[in-house]
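Colleague: quick one: sequence plus predicted model below, questions after.
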Amino acid sequence: MSIYSGKDLLKTLWAWGCSLKLAIYIATAATLLIMGGSLIMHKHPEVFGPIDQMLMRDWLQGAWRRAPQLVWWIPASGFCLILFAINTFCCLIDWLIRIRSRWRKTGEYLIHSGFIFLTVAYSWNAVDGFRTGPHPIYPGEEFNLEQMPDYKIKLESFTPQLSETGRPLDMFNEVSLWQGDTELKRAQIRINHPLTFEGLVILPTSFGRSLNGFRFHMPGKGMIDLTGGSVLALPNGGTFQALSLLPHVVKSRNGQIIPAGDQVRNPAMEVLINYPDGRDWHGWYVLRERIPQPMVEAGLFIRPVEPIMKTYSLITINRDPGSSVALIGAIFMCLGVFLAFFSFYAKRARGDRPEY
Amino acid sequence: MFKTLLILLFFVYFFSVLGYLLNLFIPRLWFVKCSLLLVSSGVVLQTALLGWRWWEAGYLPVTNLFSTLFFFSWSLALIYLYFELRYRIRATGLFVMLMNLILLGSAIPREAQVAPLIPSLDTPLFTLHILFSFAGYAFFAMAFSIGVLYLIQNKRQTTHLPDKNLLKRINEEAIFLGFGLFTICMITGSIWAYIAWGYWFSWNIKSIWSCLVWIFYAGMCHAKFIRRWQGSVYAWLSIAGFAVVLFTYLGIGLLLESNHPLE
Ligand code: HEM
């Protein structure tokens, strides 16, 4: 192969790279693939349901193993769009080389560069970063970010906003982001107001309530609140401990307690009693049933009154490392549109292409 | 009261269409002038109605099918006026305003009540997203109408319609402006998605089809540079593009289900 043919090959490749027709063909292929694919997607929520909740790389790996015939169009159209972006990049370079005579197209080429930035940003986000949540976090609690070991999120306080009819309207979360012992950022997050930090987005998704304890009536003492970990001194010495609480349990045939859900329906308390004579008893008190004999023996005649609920916030934490690149692309595109609108009429007045 | 004024608006546009239609059979400048006056008054009335609803709701009311049809119709009438005043396209109004009449006609029987804005839509990004999306759609609808007229003119060569070359120019302009505005719609939508969901592109069917609309019209901005595609091919593409727009705007909501915030 001579040096000339090598040069020719490069020239041909460059001509292909800058070919408008090729760009249109690639864009048409991508469009048709996505059109068909979107309908497949719509019909198969079992495969495509979690697509936004995961990194594209992770989702695609799993979905490909399960149903390659349903998802092949995503890498195929992604490939077309990357080719299209390369094509756009070649056109941009071609323009930059001739910018002295073609500066009037700055608006159009800002739009082109915007598209390249967006493609790079999406591709980057598809393989790097993470998406997690929604995680239930209670006010005052911390949440360690598994994907960024030294980082944690603290939910300082949480106030749900409800309508008069009790419909959830918004959720006000006072959140701080920490790296080790250094507070990086603090913000009140609510709908449409996330905390953002270097590609991290922390946003409230929803909230819920879970069983935190129970209020009991104790003859002679009045109302007492017992939560997991509460300790009571027994009237005739010894201690009573509420080890944990379950909102709903069922009993197996041999009397074993089995957790059966998060709704408060048949709550049970895990109990440890240390009697004054040194004996102890470890067992369950199902609140809808009679008090277990060992509790009666200890003189504990408590009667359940109402559950004590605790509100938690559901928080989603995502990291898209390419989000700032996407923002640059968006700014380029907006500027480009603005300039192109003016230059469009100026070019027409000058009789530029395609007004032959 | 609002519904009464809406019906009045419908008849204002209806008589403008009638004027354009009469002009087609009995060409008189008077008919066209009357129609233009009617369209202008219609736009003023519709702007006032939109302003009223906006003031009453406290936000740009574009959250249900009635409001979007109404807003789409307003954008289309406004854009038609822009092209009419700029190029004096006259008889072209018949087709564009007929389409406007269909939009308004399908809005009238629907529930016009403005509901309180849900917090997830309570952001200026939402207003901008919708504003630019319907401005873009209206330009694409204009391009569709002009495309159809181009094809008719190509066959008939009638003096009742503007010259083929002018139609081609207007079509290209409408596509270019529509694409630009739709680009801003996509950008504001992506930023909104980022602050609402934590990612700027969601794989829901409405977002995917909006991207398809965007890619399609980006392609059309280039197709005019290909000599063989100028004229008829371009006109056909404007028609096909509008079919994609209609599917994205109405088809998905009516035929399929989406988790896009406006579905
Ligand atoms: C999604 C990607 C793209 C977008 C959004 C885009 C957008 C645009 C826009 C809005 C215009 C202005 C059209 C007008 O003046 O009416 C334009 C012009 C142009 N684009 Fe693209 N384009 C893209 C991809 C490409 C690619 C891949 C190429 C090259 C292969 C290309 C080459 C051109 C050329 C040569 C012009 C004409 C500039 C001139 O001389 O007026 N574009 N593009």
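Modeller: Done, it's in.

Colleague: and the contacts of stretch A:317-334?
Modeller: With Cβ atoms under 8 Å, 6 or more residues apart in numbering or on different chains as the test, stretch A:317-334 has contacts from A:110-111, A:113-118, A:120-125, A:128-133, A:135, A:145, A:147-148, A:153, A:199-202, B:183-184, B:187, B:190-191, B:194, B:198-200. C-beta coordinates here come from the backbone N, C-alpha and C atoms, glycine included.

Colleague: just the buried residues of those residues.
Modeller: Applying 16 or more other Cβ atoms under 10 Å in any protein chain shown to those, the neighbour count classes A:110-111, A:113-118, A:120-125, A:129-133, A:135, A:145, A:153, A:199-202, B:183-184, B:187, B:190-191, B:194, B:198-200 as buried.

Colleague: quick check: mean pLDDT across the helix or strand where residue A:80 lies?
Modeller: When elements are assigned from DSSP states H and E, residue A:80 belongs to helix A:73-97. Taken as a whole, helix A:73-97 carries a mean pLDDT of 94.

Colleague: touching chain B at all, the next helix or strand after it?
Modeller: For helix A:73-97, the succeeding helix or strand toward the C-terminus, using DSSP H and E, is helix A:99-102. No: interface with chain B: helix A:99-102 contributes nothing (Cβ under 8 Å from any Cβ of the partner chain), its closest point being 13.8 Å away.

Colleague: tally of neighbours for residue B:45?
Modeller: Around residue B:45 sit 16 other residues, with neighbours defined as other Cβ atoms under 10 Å in any protein chain shown.

Colleague: where exactly do the helices run in chain B?
Modeller: Chain-ordered helices for chain B, with DSSP state H as the definition, fall at B:2-25, B:29-57, B:65-87, B:93-107, B:124-156, B:164-197, B:205-223, B:232-246, B:252-255.

Colleague: okay, residue A:8: pLDDT?
Modeller: The predicted structure scores residue A:8 at 84 on the pLDDT scale.

Colleague: name the element it belongs to?
Modeller: Under the criterion of DSSP H and E, residue A:8 resides in helix A:3-17.

Colleague: in that helix, what's buried?
Modeller: Of the residues in helix A:3-17, those scored as buried under the neighbour-count criterion (16+ other Cβ under 10 Å) are residue A:17.

Colleague: who touches that helix?
Modeller: Residues outside helix A:3-17 that contact it (Cβ under 8 Å, 6+ apart) are A:22, A:86, A:87, A:89, A:90, A:91.

Colleague: just the buried ones from those?
Modeller: A:22, A:87, A:89, A:90, A:91.

Colleague: pull the most distant pair out of the residues you listed.
Modeller: Of all pairs drawn from the buried ones among the contacts of helix A:3-17, the one with the largest separation by Cβ to Cβ is A:22 and A:89; the distance is 13.1 Å.

Colleague: considering only the contacts of stretch A:317-334, which also neighbour the ligand?
Modeller: Under the cut-off given by Cβ under 6 Å from any ligand atom, the ligand has A:111, A:115 from these close to it.

Colleague: near chain A, which residues of the stretch 1-150 of chain B show up?
Modeller: Of all the residues in the stretch 1-150 of chain B, those in contact range of chain A (Cβ under 8 Å from any Cβ) are B:119, B:120, B:122, B:123, B:125.

Colleague: would you turn these into TSV with distance to residue A:325 and neighbour count?
Modeller: As requested, the residues of the stretch 1-150 of chain B next to chain A are exported to TSV (distance: Cβ to Cβ, whole Å; neighbours: other Cβ atoms under 10 Å in any protein chain shown):
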residue	distance to residue A:325	neighbour count
B:119	30	15
B:120	26	14
B:122	29	16
B:123	23	20
B:125	20	19
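
Colleague: in strands, which of those appear?
Modeller: Taking DSSP state E as the definition of strands, the residues of the stretch 1-150 of chain B next to chain A contribute nothing to them.

Colleague: how about the nearest residue to residue A:23, chain neighbours excluded?
Modeller: Nearest non-adjacent residue to residue A:23, counting by Cβ to Cβ, 6 or more residues apart in numbering or on different chains: residue A:87, 4.6 Å away.

Colleague: gap between residue A:84 and the ligand?
Modeller: Using Cβ to the nearest ligand atom, to the nearest Å, residue A:84 is found at 6 Å from the ligand.

Colleague: gap between stretch A:105-118 and the chain center?
Modeller: For stretch A:105-118, the separation from the chain centroid amounts to 30 Å (computed by Cα atoms, centre = their mean, to the nearest Å).

Colleague: returning to that earlier point: distance from the chain centre to the helix holding residue A:8, please.
Modeller: The offset between the C-alpha centroid of helix A:3-17 and the centroid of the whole chain comes to 46 Å, using Cα atoms, centre = their mean.

Colleague: that helix near the ligand anywhere?
Modeller: No: for helix A:3-17, no contact with the ligand is found by Cβ under 6 Å from any ligand atom; the gap never falls below 7.4 Å.

Colleague: now do that helix against helix A:73-97, angle only.
Modeller: Helix A:3-17 and helix A:73-97 meet at an angle of 110 degrees, taking axes from the mean of the first three to the mean of the last three Cα atoms, to 10 degrees as the criterion.

Colleague: which SSE is immediately downstream of helix A:3-17?
Modeller: Past helix A:3-17, heading to the C-terminal end, the next element that is a helix or strand (DSSP H and E) is helix A:20-43.
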